[in-house]
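Colleague: Structure of the sequence below:
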Amino acid sequence: MPKESFVLVSLKEDKARKLAKVLHNDSCRKILDYLTAKEATETDLAKRLSLPISTVHYNLKHLLDAGLITAEEFHYSPKGREVNHYKLANKYIIIAPKSTFGIKERLKGVLPVALLVGASAFAIQFFRRSTATFGAAKTAVMEESARDIVSAAAPSSLQAGSQANPVWWFLAGALLTIILFLIVDWIKSRR
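Modeller: Numbers count the residues shown, from 1 in each chain. Modelled structure (predicted):
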């Protein structure tokens with residue numbers, strides 16, 4: 001799993017509050033400043049910064065939770081305890097003033113509807129073709145009499161458009177509906 005080189009924080013999330021609390025803390029800033037030069041253990045930090053070990057432990061826990069430091073390496077103490085080596089995570093902090101919900105997420109929400117529209121169009125076309133071959137003789141007689149009635153009542157310009165496939169009309173309407181939905185959703189998110 002690749003490491004992310006940034007910490008993305010939205011102002012609406014609780015994570016932003018935690019990060020601000022960590023950066024506001026003087027002890028956390030001292031620890032971060034020290035870790036810019038080299039990695040260190042809890043004991044090293046307590047000695048070098050003249051802080052109680054409990055304060056260092058508490059602040060390291062919050063810095064780890066915020067994703068600002070890492071503890072990838074460790075060694076064993078003479079008593080057999082794991083002693084973590086802390087270092088900076090080297091990540092950018094990106095603060096998003098609003099929601100991080102983007103176009104990809106919106107399209108993912110519309111994708112099932114688009115698939116359903118495609119399946120419906122296929123079903124309409126399949127049903128239309130199967131009924132056309134099943135009752136072709138009966139339909140041919142009815143269409144011929146209908147053409148005679150239409151040709152007597154309608155101009156020739158309307159007759160050419162009467163042969164449009166209903167599947168294409170269905171797909172065009174569904175596509176227009178999806179586009180209108182995305183536009184309305186985009187307008188609402190801009191407010």
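Colleague: Rounded mean pLDDT for the helix or strand hosting V56, please.
Modeller: Per DSSP states H and E, V56 falls inside helix 53-66. Regarding helix 53-66, the rounded mean pLDDT is 92.
Colleague: So which elements touch that helix?
Modeller: Where contact means 3 or more C-beta pairs under 8 Å, 6 or more residues apart in numbering; DSSP states H and E, helix 53-66 is packed against helix 14-24, helix 26-35, helix 42-49, strand 69-76. Where C-beta positions appear, they are placed from N, C-alpha and C, glycine not excepted.
Colleague: want to throw the ones you listed into a markdown table with mean neighbour count?
Modeller: As requested, the helices and strands packed on helix 53-66 are exported to a markdown table (neighbours: other C-beta atoms under 10 Å):
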| stretch | mean neighbour count |
| --- | --- |
| helix 14-24 | 14 |
| helix 26-35 | 17 |
| helix 42-49 | 16 |
| strand 69-76 | 14 |
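Colleague: Domain-wise, how is the protein divided?
Modeller: For the chain, the structural domains run 6-96, 103-190, going by automatic domain parsing.
Colleague: After the helix or strand bottoming out on mean pLDDT in the chain, which helix or strand is next? Please name it.
Modeller: Sorted by mean pLDDT, DSSP states H and E, the helices and strands of the chain end with helix 156-161, the least confident at a mean of 48. Once helix 156-161 ends, the next helix or strand along the chain (criterion: DSSP H and E) is helix 166-190.
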